[in-house]
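J.: Sequence and predicted structure below; questions after.
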Amino acid sequence: MKQHVPPTPPTLGERDGLSYALFLPERREPSGGVVILHGAGSAKESHFDFARVCRERGLTALAYDARGHGRSGGAFGPTAFGDALSMCDLVRQHAPAVALRGSSMGGFCAIHAAALDPSVAAVVAICPAPGSLLLRGLRSGRLGRDFAWDSEATERWLETLDVNEAARSLGPRTALLLLHARGDEQVPVSVSEELHAVASEPKRLLAMPGGHHRSLQHDLELQNLSVRFVERAFAARLA
């Protein structure tokens, strides 16, 4: 019987109080890198499967715990976009270009962070949650029970944000891929449809039948599609 060889573990580290896991390609120079942002109440380990797909395709991948989540200290709040860009800076030490991939709250943060940094080549946003929905969830108690967040500062911060405006500002420098399950019970597919409508090219929307809020994150076909989208964005930057 063939023995199963476990995957090479990532390099674990901490930067500015944020716990991260770094996946480096073996025996080849990376063509780019992807920073992976998880959703509210989740943790970096939930996205190691996608990080391994990136590594197998020759990309550096970095998954990290948002503040107040997992092994990261502090509280989630207005530093979130700067934290994502700090992780981008770390990936740039190992890769010539960088993209962001986020799900739910992570998709929201990825779009806003890329809007602040023209050097981000691409964003993959999976069922991105708009600030208004996050704000309602935090105020109602549906969110925030399993992670630390700065209630007063976070509420003021979310009230000022417009994810549609952030998406509109991305093109043509930053490519945007939106993935959404039509069966999403937490974030309606209309959120991604509106984002796609206002965003500039290059952009793509895939609204998949059925599913639920977390189903697309771990779909291997969509993971590979996301990597190909990011690779094309990297190639366009070099053209």
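T.: That came through fine.
J.: Could you use CA atoms for every contact and neighbour count after this?
T.: Will do.
J.: Residues touching the helix or strand containing residue 49, excluding its own?
T.: Using DSSP states H and E, residue 49 falls within helix 48-56. Helix 48-56 is contacted from outside by 23-26, 34, 36, 60-63, 218, 223-224, 227, using Cα atoms under 8 Å, 6 or more residues apart in numbering.
J.: 10 Å instead, please
T.: For helix 48-56, the surrounding residues in contact (Cα atoms under 10 Å, 6 or more residues apart in numbering) are 7-10, 21-26, 30, 32-36, 44-45, 57-63, 101, 217-220, 222-224, 226-228, 230.
J.: now those residues: which count as buried?
T.: 10, 21-25, 30, 32-36, 44, 57-63, 101, 217, 223, 226-227, 230 (16 or more other Cα atoms under 10 Å).
J.: among those residues, which are in strands?
T.: Judged by DSSP state E, the buried ones among the contacts of helix 48-56 include 21, 22, 23, 33, 34, 35, 36, 60, 61, 62, 63, 101 as members of strands.
J.: Let me know whether residue 195 touches residue 169 as I believe.
T.: No - between residue 195 and residue 169 there is no contact under Cα atoms under 10 Å: 11.1 Å.
J.: quick check: longest helix of the chain.
T.: helix 220-238 (DSSP state H).
J.: So which elements touch that helix?
T.: Counting contacts by 3 or more Cα pairs under 10 Å, 6 or more residues apart in numbering; DSSP states H and E, helix 220-238 is packed against strand 33-37, helix 48-56, strand 98-103, strand 122-126, strand 175-181, strand 203-208.
J.: Figure out which of these is closest to residue 152.
T.: strand 33-37 (23.0 Å; Cα to Cα).
J.: next one: that closest one to chain centre, how far?
T.: Remark: strand 33-37 is offset 6 Å from the chain centroid, using Cα atoms, centre = their mean, to the nearest Å.
J.: can I get the CA coordinates of it in PDB?
T.: Only the C-alpha atoms of strand 33-37 are listed here, as PDB (Å, rounded to 0.1, in the frame of the first residue of the first chain):
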ATOM      1  CA  GLY A  33       2.200  35.800  -4.100                       C
ATOM      2  CA  VAL A  34      -1.300  35.800  -2.600                       C
ATOM      3  CA  VAL A  35      -2.300  37.100   0.800                       C
ATOM      4  CA  ILE A  36      -5.300  35.200   2.200                       C
ATOM      5  CA  LEU A  37      -7.900  36.900   4.400                       C
END
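J.: Could you tell me which strands it is paired with, and in which direction each runs?
T.: According to DSSP bridges, strand 33-37 has the following sheet partners: strand 60-64 (parallel), strand 98-103 (parallel).
J.: Redo those as a markdown table? Include mean pLDDT and distance to residue 235.
T.: Shown next, in a markdown table, are the strands paired with strand 33-37 (pLDDT from 0 to 100; distance: least, Cα to Cα, whole Å):
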| stretch | mean pLDDT | distance to residue 235 |
| --- | --- | --- |
| strand 60-64 | 98 | 15 |
| strand 98-103 | 98 | 12 |
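J.: quick one: which of the ones you listed is nearest residue 15?
T.: Among the strands paired with strand 33-37, strand 60-64 comes nearest to residue 15, with 9.7 Å by Cα to Cα.
J.: Could you identify the helix or strand that succeeds the closest one?
T.: For strand 60-64, the succeeding helix or strand toward the C-terminus, using DSSP H and E, is helix 80-92.
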